[in-house]
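Trainee: Turn this into a model:
(2 chains, ligands or ions: 2)
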Amino acid sequence: MKNILKTKAMTMQFGGVTAVNALEIEINEHEIVALIGPNGAGKTTAFNMITGVYTPTNGAVIYTDAEGQECNITGMKPSEIAKIGIARTFQNIRLFKDLSVYENVIIAKHLHLKSDFMSATLHMPWYNKEQAKAEEKVEELLKKVDLWDMREEKASSLPYGKQRRLEIVRALATEPRLLLLDEPAAGMNPKETDELTVFIKQIRQEYNLTVFMIEHHMELVMEISDRIYVLDFGETIAKGSTEEIQNNKRVIEAYLGVDEDA
Amino acid sequence: MKNKRDLILSAILLIVLFGASWFANSELDSYIRRIVNLCLIYAIIGLSMNVTNGFAGQFSLGQAGFMAIGAYTVGIFTVPVELRANVFYAVPMNPFIADIQMPVWLALIVGGLLAALVAFLIGTPVLRLRGDYLAIATLGFSEIIRICITNASSFTNGALGIKDIPPLNDVRYIFVVTAITFVFIAALINSSYGRAFKAIREDEIAAEAMGINLYKHKCLAFMISAFFAGIGGGLYGTLLGTVDPKNFLFTLTYNFLLIIVLGGMGSITGSMLGAIIVTAGLEYLRIFDEPLKLFGTMIPLFRPGFRMVMFSALLMACVLFWRHGIMGTREITWSKLIAFCKNPIGFFKRKGAAQ
Ligand SMILES: Nc1ncnc2c1ncn2[C@@H]1O[C@H](COP(=O)(O)OP(=O)(O)OP(=O)(O)O)[C@@H](O)[C@H]1O
Ligand SMILES: [Mg+2]
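Mentor: Ligands and ions are numbered 1, 2, ... in the order given. Predicted structure coming up:
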């Protein structure tokens, strides 16, 4: 199994608060790995450090690219991280609200554009060719994920579940190798959650993706994860397979225990 | 194909409008011609401002400064060499530039490029700011540009200004520049870069996560905006015949702000409409500057300057109550026009239902 991402003692402090402390994560190619933990545990902060939104106050993020080259991506800009093949979604959906479904997705193709500003503006033949290819890919993608019929609609006018799906599709359009999903099932009803489960499995297979996912929805997590990491107050309190986590005492105390009482 | 049809229709429209500008140039009196020219120039600058403010979503108020750069470039380089001693009578013109004379078109391009260069230099510190802070910083830089111009007397003749700029009250010329600006900006907005600008407007964090380099794209938008503001400023200089630092006070920028807010931030056809309404409106509002007698009594408010009060009130009302302007982020497209011509009543009904 080939490693795709690891973090070494990755730490984030906000003033006096340690949101994530010395996090060590290893993700292998083609795995689905979940990151769980109670509210405020530091999960989103971990994502933000991996994707360059925050620079870790300590530690490193190492990414292995398609050529098998290990690179230190700590503190790189989010746009550069997207370019090397890591895409993400956000906990509070961040679509381009006033733009159409189609525009939302084709914008994600901009990072592959080789034409410079002037040739793009003047619609030179080589730009048109590149653009036609991108349009073809977007059409194929949208048809595959059942959003083609809604391509003209404003992103904000879609039903909630579709918005979540569109955000994943937009991330997919950057052609990532590693996809980070921040609570993809948040706010979904059971039917939508089931559809999402199928969808994540399907895209993983189709695009040969590695998925790293934050999720509170235990059924979903247990069904699709290969491995799980558990955070609590910024500390890694457990890691392992789904069975190991389900039977882990500390996890039950910190997290699942609360669930059972409730 | 729809695209081809639209291209052909647009080309026909441009030719027809060019013919109209030819007619306007030969048939209309010089006062009306001047208003038409002003309208076209305001359209150029409104369009340029829409690139940053409407499409890239960066609230910038530096247009007057970039216009000044363009206007002064045209002023400095198009005044005939033999007249320059007469213009620069207080401080002689710097010997480096004293003998350089350019045709207007070249001076316009140089002015645009200089404005873009200044935008690039300003962009590095300023484009890190957001919202109100960006607005204040760009406003400040626009004043700094003006003050630099006031003080660089051997280049700009300081506070005395530059007179004897060869006038260019030619509707055809200015129409062509406006048409080029419009086509260029429309093509830009319909390219991958234009969509990247819109993504930044919608959500910077998401745009960045989609691989869009924020600084690079904001800087591009800022430079393109400055370039066309420089060109527009240059034309404005030739229309005025004299340029003087007081022509480029930051309040000038508000005209263009009104144009883009009224027309719709993020709509280029809206900017065109806005430019026509604001220019014509500002002329029409001149009645407020003249003394007015009603039923034998003088209405006390009507005096020179009252026009600007009305103007400010309009701008405020527009920003407060009508933030999306006439067009919002929509465009007038050929498909919509055709649908409208086929069924004018149904067109609005359907739109109403969709909203
Ligand atoms: N920009 C910030 N500045 C200061 N504190 C922050 C910042 N971002 C996060 N924190 C703090 O870090 C801690 C972890 O937050 P984070 O958003 O990572 O939690 P989470 O595990 O994603 O929780 P949730 O399940 O509610 O999304 C919280 O205490 C939060 O208040
Ligand atoms: Mg979170």
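Trainee: so which helix or strand takes in the residue in chain A that ligand 2 sits nearest to?
Mentor: Closest to ligand 2 within chain A is A:Thr44: 3.1 Å, counting by CB to the ion. All C-beta spots, glycine's among them, are computed from the backbone N, C-alpha and C. Using DSSP states H and E, A:Thr44 falls within helix A:43-50.
Trainee: Repeat that for A:Val33.
Mentor: strand A:32-36.
Trainee: How about that strand and ligand 2, any contact?
Mentor: No: counting by CB under 5 Å from the ion, ligand 2 has no neighbours in strand A:32-36; the shortest distance is 9.7 Å.
Trainee: Now do the buried residues in the host helix or strand of A:Arg170.
Mentor: Per DSSP H and E: A:Arg170 is located in helix A:160-173. Under the neighbour-count criterion of 16 or more other CB atoms under 10 Å in any protein chain shown, helix A:160-173 has A:161-173 buried.
Trainee: With pLDDT and distance to B:Ala135 as added columns, please give those in CSV.
Mentor: Formatted as CSV, those follow (pLDDT from 0 to 100; distance: CB to CB, whole Å):
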residue, pLDDT, distance to B:Ala135
A:Gly161, 90, 38
A:Lys162, 92, 36
A:Gln163, 94, 31
A:Arg164, 94, 35
A:Arg165, 93, 37
A:Leu166, 96, 32
A:Glu167, 96, 31
A:Ile168, 96, 36
A:Val169, 96, 35
A:Arg170, 96, 30
A:Ala171, 96, 33
A:Leu172, 96, 37
A:Ala173, 96, 33
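Trainee: hmm, back to that, okay, now the sheet partners of the strand holding A:Val33, with direction.
Mentor: With DSSP bridges as the test, strand A:32-36 is paired with strand A:210-214 (parallel), strand A:227-232 (parallel).
Trainee: got any ranges where chain A has weak pLDDT?
Mentor: Scanning chain A with the threshold set as pLDDT under 70 gives A:255-262.
Trainee: Would you point out which residue of it is nearest chain B?
Mentor: When distances are taken as CB to the nearest CB, chain A reaches nearest to chain B at A:Leu111, 2.9 Å away.
Trainee: who are the neighbours in contact with the residue nearest to that residue when sequence neighbours are not counted?
Mentor: Nearest non-adjacent residue to A:Leu111, counting by CB to CB, 6 or more residues apart in numbering or on different chains: B:Gly211, 2.9 Å away. For B:Gly211, the contact set (CB atoms under 8 Å, 6 or more residues apart in numbering or on different chains) comprises A:79, A:82-83, A:108, A:110-111, A:174.
Trainee: is any part of stretch A:118-130 close to chain B?
Mentor: Yes: Stretch A:118-130 is in contact with chain B by CB under 8 Å from any CB of the partner chain, via A:120-123, A:127.
Trainee: What is the end-to-end distance of that stretch?
Mentor: Chord length of stretch A:118-130, first to last residue, is 14 Å (CA to CA, to the nearest Å).
Trainee: before we move on, what about stretch A:8-19?
Mentor: Using CA to CA, the end-to-end distance of stretch A:8-19 comes to 16 Å.
Trainee: Check whether it comes into contact with ligand 2.
Mentor: No: counting by CB under 5 Å from the ion, ligand 2 is not contacted by stretch A:8-19; separation bottoms out at 10.5 Å.
Trainee: Do a quick rundown of the strands in the chain.
Mentor: No chain in the question, so chain A it is. Per DSSP state E, chain A carries strands over the ranges A:3-14, A:17-28, A:32-36, A:58-64, A:70-72, A:86-88, A:178-182, A:210-214, A:227-232, A:235-240.
Trainee: wrong one, I was asking about chain B
Mentor: All strands of chain B, identified by DSSP E, fall at B:292-294, B:297-299.
Trainee: Direction included, what does the last one pair against?
Mentor: The one in question is strand B:297-299. Short version: by DSSP bridges, strand B:297-299 pairs with strand B:292-294 (antiparallel).
Trainee: Pull the contacting residues for the residue lying closest to A:Leu180 once chain neighbours are set aside.
Mentor: Of all residues not flanking A:Leu180 in the chain, A:Arg88 sits nearest, at 4.0 Å (CB to CB, 6+ apart). A:Arg88 is in contact with A:47, A:51, A:171, A:179-182, B:209, counting by CB under 8 Å, 6+ apart.
Trainee: try 10 Å
Mentor: By CB atoms under 10 Å, 6 or more residues apart in numbering or on different chains, A:Arg88 lies in contact with A:47-48, A:50-51, A:53, A:78, A:81-82, A:94, A:167-168, A:171, A:174, A:176, A:178-182, A:212, B:206, B:209-210.
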